[in-house]
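[1] One predicted model, sequence on top.
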Amino acid sequence: MTTNRPRPVIIVTGGSRGIGRQIVEDLARKGRGVVFTHSASDHEAAEVERACGVGASVRGVRLDITDPNAPEHLFDIAASSGTIVGLVNNAGVTGPLGPLGALSDEQLRRVVDVNLIATARLCREAVRRWSERTSHERRDIINVSSIAARTGSPNEYVVYAATKAAVDALTIGLAKELGPAGIHVNAVRAGTTNTTIHAKAGDPGRPRRIAEAVPIGRVAEPNEIATAVTWLLSAESSYVSGALLDVTGGI
């Protein structure tokens with residue numbers, strides 16, 4: 001006898017390019033349903049949906065995650081596709097490269113709003129949606145953090161680093177708070193990765209320079225960070241919660 005159980009669905013923010021896109025495609029290959037957000041890249045989002053293949057339950061949603069109604073709206077969309085079993089907070093912005101004194105109030109606020117406040121509000125929405133689940137039903141929150149939380153990124157983006165350190169603290173605290181409800185909370189602290197985020201910050205050559213200081217001699221590729229995220233979402237990580245998993249090439 002067959003049952004029509006709802007498909008498990010994972011929400012991924014910032015899923016149209018870079019690390020986020022790789023996470024979405026990896027999850028789709030594993031048969032997971034995915035709803036991912038993008039801020040203003042309809043063409044790239046459509047490419048991700050096509051790359052995941054016919055029959056994959058993958059949907060891109062154009063959404064500013066800092067909007068007050070974004071968490072509820074996003075979770076409603078995902079719930080219409082299946083049972084939400086995971087949240088990957090991947091979306092993030094560095095702000096322009098440079099010393100703290102060069103940041104405007106608007107630039108500073110945007111970094112904090114995207115990287116910390118939106119992440120916390122999405123976590124809060126997940127907790128509210130999962131509050132009636134029993135303890136044996138596992139759910140996952142994965143926060144994509146950064147090595148900058150440890151290094152501080154002086155003269156580059158100290159506010160970005162500060163928000164990522166705050167995300168690390170949020171991860172540890174929520175893991176302890178939510179563990180009894182069967183919710184695993186972990187973070188992947190990515191090292192410098194070969195994505196467009198550096199060019200958007202005004203320094204496309206940064207990965208090449210950073211590679212010289214990495215013990216294994218290169219920066220990460222998006223798939224290497226995504227693999228850590230998908231492992232944390234897998235059955236193999238069943239006893240892992242509250243972890244800050246460094247994927248940094250030895251830094």
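    Looks like it came in fine.
[2] tally of neighbours for residue 110?
    By the criterion of other C-beta atoms under 10 Å, residue 110 has 16 neighbours. In short, each C-beta sits where N, CA and C put it, glycine included.
[3] Roughly how far does the residue nearest the centre of the chain sit from residue 195?
    Nearest to the mean C-alpha position of the chain, by C-alpha atoms, centre = their mean, lies residue 90 at 1.8 Å. Residue 90 sits 11 Å away from residue 195, taking C-beta to C-beta, to the nearest Å as the criterion.
[4] List the contacts of residue 153.
    By C-beta atoms under 8 Å, 6 or more residues apart in numbering, the contact list for residue 153 reads 160-161.
[5] Helix or strand next in line after the helix or strand harbouring residue 74, which one?
    Assessed by DSSP states H and E, residue 74 sits inside helix 70-79. Where DSSP H and E defines the elements, the next helix or strand beyond helix 70-79 is strand 83-89.
[6] now the next helix or strand along the chain from that following strand: mean pLDDT?
    Proceeding N to C from strand 83-89, the next assigned helix or strand is helix 105-112, under DSSP H and E. Helix 105-112 shows a mean pLDDT of 98.
[7] What residues sit buried inside the helix or strand following helix 105-112?
    The helix or strand immediately downstream of helix 105-112 is helix 118-130, counting by DSSP H and E. For helix 118-130, the buried set under the neighbour-count rule, 16 or more other C-beta atoms under 10 Å, comprises 118-123, 125-127, 129-130.
[8] out of these, which one sits closest to residue 233?
    Distances from residue 233 to the buried residues of helix 118-130, taken as C-beta to C-beta, are shortest for residue 126 (13.6 Å).
[9] wait, what's in contact with the closest one?
    75, 84, 87, 139, 141, 183.
[10] Ok, residue 147 next?
    Residue 147 neighbours (C-beta under 8 Å, 6+ apart): 189-192, 246, 248, 251.
[11] With residue 140 instead?
    For residue 140, the contact set (C-beta under 8 Å, 6+ apart) comprises 10, 85-87, 183-186, 232-233.
[12] Over to residue 242?
    Per C-beta under 8 Å, 6+ apart, neighbours of residue 242: 171-172, 175-176, 179, 185-186.
[13] got the buried residues for the longest helix anywhere in the chain?
    Ranked by residue count under DSSP state H, the longest helix found in the chain is helix 158-178. Residues 158-168, 170-172, 174-175, 178 are the ones in helix 158-178 that count as buried (16+ other C-beta under 10 Å).
[14] How about stretch 229-241?
    Neighbour counts over stretch 229-241 (16+ other C-beta under 10 Å) mark 229-233, 237, 241 as buried.
[15] could you dump those residues to TSV with distance to residue 216 and pLDDT?
    Shown next, in TSV, are these (distance: C-beta to C-beta, whole Å; pLDDT from 0 to 100):
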residue	distance to residue 216	pLDDT
229	20	98
230	21	98
231	19	98
232	22	98
233	25	98
237	24	98
241	28	98
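[16] In the residues you listed, find the pair that's most separated.
    Farthest pair in the buried residues of stretch 229-241 (C-beta to C-beta) is 230 and 241. Separation: 16.3 Å.
[17] that older thread, go through the buried residues of stretch 229-241 and name the one nearest residue 28.
    So of these, ranked by how close each gets to residue 28 (C-beta to C-beta), first place is residue 230, at 10.6 Å.
[18] how close does the closest one sit to residue 195?
    Between residue 230 and residue 195 the computed distance is 17 Å (C-beta to C-beta).
[19] rewinding a little: okay, and the common contacts of residue 90 and residue 195?
    By C-beta under 8 Å, 6+ apart, residue 90 and residue 195 have these common neighbours: residue 19.
[20] export stretch 218-227 as CSV, just CAs?
    Extracted in CSV, the C-alpha atoms of stretch 218-227 (Å, rounded to 0.1, in the frame of the first residue of the first chain):
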residue,chain,number,x,y,z
ARG,A,218,43.8,28.0,-2.5
VAL,A,219,40.4,29.3,-1.7
ALA,A,220,37.3,27.2,-1.5
GLU,A,221,35.0,26.4,-4.4
PRO,A,222,31.2,26.7,-3.7
ASN,A,223,30.7,22.9,-3.8
GLU,A,224,33.1,22.4,-0.9
ILE,A,225,31.1,24.6,1.4
ALA,A,226,27.8,23.2,0.1
THR,A,227,28.9,19.7,0.9
